[in-house]
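> Structure of the sequence below:
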Amino acid sequence: MITIEPTPIRTLVVCEFPAIGFGLACLIDGRQPTLISSGIATTLHEAESILGRQVPDVIVVDVEGDFGPEADARMARFADARLLAL
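Residues are numbered from 1 along each chain as shown. Here you go, the predicted structure:
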């Protein structure tokens with residue numbers, strides 16, 4: 001019998017509040033074995049730096065506060081990743 005392991009879905013959390021970003025990343029890592037957090041960024045510049053090294057499957061962005069719609073526009077250029085705006 002052949003068992004096929006699902007490919008993990010890599011996520012990047014972008015949130016200006018480190019504690020909330022860390023909490024989201026922990027929930028992502030701990031709830032589903034097919035979800036893994038590939039990083040946490042607290043600024044858009046930091047997110048772009050991470051995205052320059054690796055492209056996740058999903059980018060979770062907190063658009064409240066300092067990020068706003070600018071985050072959507074800047075993250076949208078990474079077309080291989082889905083964007084989840086919170």
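
> In a helix, residue 37, correct?
No - counting by DSSP: H, G, I helix; E, B strand; the rest coil, residue 37 is not found in a helix; it is strand.

> any idea how far residue 43 lies from residue 61?
Between residue 43 and residue 61 the computed distance is 12 Å (CB to CB, to the nearest Å). To be clear about C-beta, it is placed using only N, CA and C from the backbone, and glycine gets the same treatment.

> again, but for residue 2
Residue 2 is 38 Å from residue 61, by CB to CB.

> And the helices in this structure, which stretches?
Ranges of helices within the chain are 18-31, 44-53, 68-76, based on DSSP state H.

> Report the beta-bridge partner residues of the residue sitting nearest the centre point of the chain.
In the chain, the residue lying closest to the centroid (CA atoms, centre = their mean) is residue 12, at 1.9 Å. For residue 12, the beta-bridge partners under DSSP bridges are residue 39, residue 59.

> Report the contact partners of it.
37-41, 47, 50-51, 56, 58-60, 81 (CB atoms under 8 Å, 6 or more residues apart in numbering).

> now do residue 25
Contacts of residue 25 (CB under 8 Å, 6+ apart): 11, 13, 37, 40.

> quick one: low-confidence parts of this structure?
By pLDDT under 70, the weakly predicted segments of the chain are 65-70, 72, 76, 78-79.

> burial measure for residue 11, as a count.
23 (other CB atoms under 10 Å).

> My error: substitute residue 39 in the last question.
Based on other CB under 10 Å, the number of other residues close to residue 39 is 20.
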